[in-house]
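Student: Could you work out the structure for the sequence below:
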Amino acid sequence: MDFELSDDQEALRDGVISVLEGRFDSATVRSMSGQPGAIDRTRWTELAETGVFSLALPEDEGGLGLGWADTAIVYEQLGRFVVPGPLVACALAAGLVDGVAEGSTIVGLIEDRADADSQIVIEHAAGLDAVLVLRPEGVDQIALDSLDLDYPDIPLDALTPVGVCRSLPAGTRIAQGDSAARMTTIGSVLTAALQLGLAAGATELAVAYASEREQFGKVIGKFQAVKHLCADMISRVEVARAAVYFAAVALDDPTVGDAAHAASVARIVAGDAASANGRDCIQVHGGMGYTSEVDAHLFLKRAWVHETQFGSLEHHEESIAASM
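Tutor: Numbering: from 1, shown residues only. Model (predicted):
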């Protein structure tokens, strides 16, 4: 299978990069931790106006009528720039909830797998208008003000603040069970695309530092140990990209392969790449890599957050094992 991007896909990717470079540079992204839910609503609307959330939505429903493969290309870049917010949730909700595609409504998404005694964690809760709940029997929409939320002071990722509650109301049914299953598969692929972008961004940061930091009269990138770390990071990115692109193509064309199986493969490979490259990026930076001033921790913490979404890596491993 040919994974080379078409001219149109390259133009789409380059256009998104141009927007992100101008509106979501590192300093701007870091500053969003002070916004409710770490969401800058002005920039969120600008992002929506580019079509980020409606790429795969049919044209007669107000979308661009592209596909999930094109959407994955865009989400790879969103991950690479560590853009915060419920990106996947809004891509899934664009055809179900008014205002999401335009950016005027922001929704989060959770899977109702918890029992009554467990904590339910809702990412970006303070900045949301509503929450979608994926249940086996369908998708329900819940107003945020109907939830009794607590907000932990110190989340794992400052750019992914959370709200915590003990139970969920029934909500309003907006889609049936088959839609929930499909949304879970699509969400897994788009999350894998974000993880791919994180792996690529961490690699670029590490290589740039290794190319300029000098020790013992040489740039550290010339030392074999550092070279090997960077080479491993690049290899993980390329393998993950193939897995993610294949899964995205399977979403658009079922004859290519089983989309759910491909989504699990993508989540495992891209998840491993994001976490491992985040750790190696810190390693390349040495002692300063552990400080908050260096962006390396942004990639690693976001990688850890994504590992909890749409099933853990262990869940996807078990899913693949069960199908063999």
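Student: where's the spatially closest residue to residue 75 that is not a sequence neighbour relative to residue 314, distance?
Tutor: Leaving out its chain neighbours, the residue that sits closest to residue 75 by CB to CB, 6 or more residues apart in numbering is residue 193, at 3.9 Å. In this view, the C-beta of every residue, glycine as well, is placed from N, C-alpha and C. Remark: distance between residue 193 and residue 314 (CB to CB, to the nearest Å) = 21 Å.
Student: And residue 120, by the same measure?
Tutor: Residue 120 sits 20 Å away from residue 314, going by CB to CB.
Student: Which one's more surrounded, those two?
Tutor: Per other CB atoms under 10 Å, whichever of residue 120 and residue 314 has more neighbours is residue 120, with 21 against 10.
Student: ok, the more buried one touching residue 150?
Tutor: No: counting by CB atoms under 8 Å, residue 120 stays clear of residue 150, with 10.8 Å between them.
Student: Find residues that contact each of these two.
Tutor: 164-165 (CB atoms under 8 Å, 6 or more residues apart in numbering).
Student: Then residue 175 would be within a strand, right?
Tutor: Yes: under DSSP: H, G, I helix; E, B strand; the rest coil, residue 175 sits within a strand.
Student: OK, contacts around it?
Tutor: 96, 138-139, 183.
Student: give me the low-pLDDT residue ranges for this protein?
Tutor: By pLDDT under 70, the weakly predicted segments of the chain are 1-2, 113-117.
Student: for the residue nearest to the spatial centre of it, phi and psi?
Tutor: Centroid check for the chain by CA atoms, centre = their mean gives residue 194 as the closest residue, at 3.5 Å. Main-chain torsions, residue 194, degrees, to the nearest 10: phi -60, psi -40.
Student: With residue 132 instead?
Tutor: Residue torsions, per degrees, to the nearest 10, at residue 132 are phi -100, psi 140.
Student: Residue 268 too?
Tutor: phi -70, psi -50.
Student: That one contacts residue 317, doesn't it?
Tutor: Yes: counting by CB under 8 Å, residue 317 is a contact partner of residue 268 at 6.2 Å.
Student: More neighbours: which of those two?
Tutor: Neighbour tally, residue 268 and residue 317, criterion other CB under 10 Å: the higher count belongs to residue 268, 20 against 15.
Student: who touches that one in this structure?
Tutor: So residue 268 contacts 313, 316-317, 320 (CB under 8 Å, 6+ apart).
Student: rerun that using 7 Å as the cut-off
Tutor: The neighbours of residue 268, taking CB atoms under 7 Å, 6 or more residues apart in numbering as the test, are 313, 316-317.
Student: Out of these, list just those in helices.
Tutor: If you go by DSSP state H, the contacts of residue 268 have 313, 316-317 in helices.
Student: okay if I get these as TSV plus distance to residue 107?
Tutor: Putting those into TSV (distance: CB to CB, whole Å) gives the following:
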residue	distance to residue 107
313	25
316	24
317	29
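Student: Closest to residue 34 out of these?
Tutor: residue 313 (31.5 Å; CB to CB).
Student: Let me know whether that closest one touches residue 271 as I believe.
Tutor: Yes: because the distance of 5.0 Å satisfies CB atoms under 7 Å, residue 313 is recorded as touching residue 271.
Student: The two: which is more packed in?
Tutor: residue 271 (25 against 17).
Student: Run a quick check on residue 23 versus residue 46, I expect a contact.
Tutor: Yes: if you go by CB under 7 Å, residue 23 and residue 46 touch, sitting 6.2 Å apart.
Student: returning to that earlier point: buried ones among the contacts of residue 175?
Tutor: Buried members of those, counted by 16 or more other CB atoms under 10 Å: 138-139, 183.
Student: from the residues you listed, which ones fall inside strands?
Tutor: 138-139 (DSSP state E).
Student: For residue 32, state which of the buried ones among the contacts of residue 175 is nearest.
Tutor: Nearest to residue 32 among these: residue 183, at 26.0 Å, using CB to CB.
Student: for the closest one, what are its contacts?
Tutor: Contacts for residue 183 (CB under 7 Å, 6+ apart) come out as 92, 134, 139.
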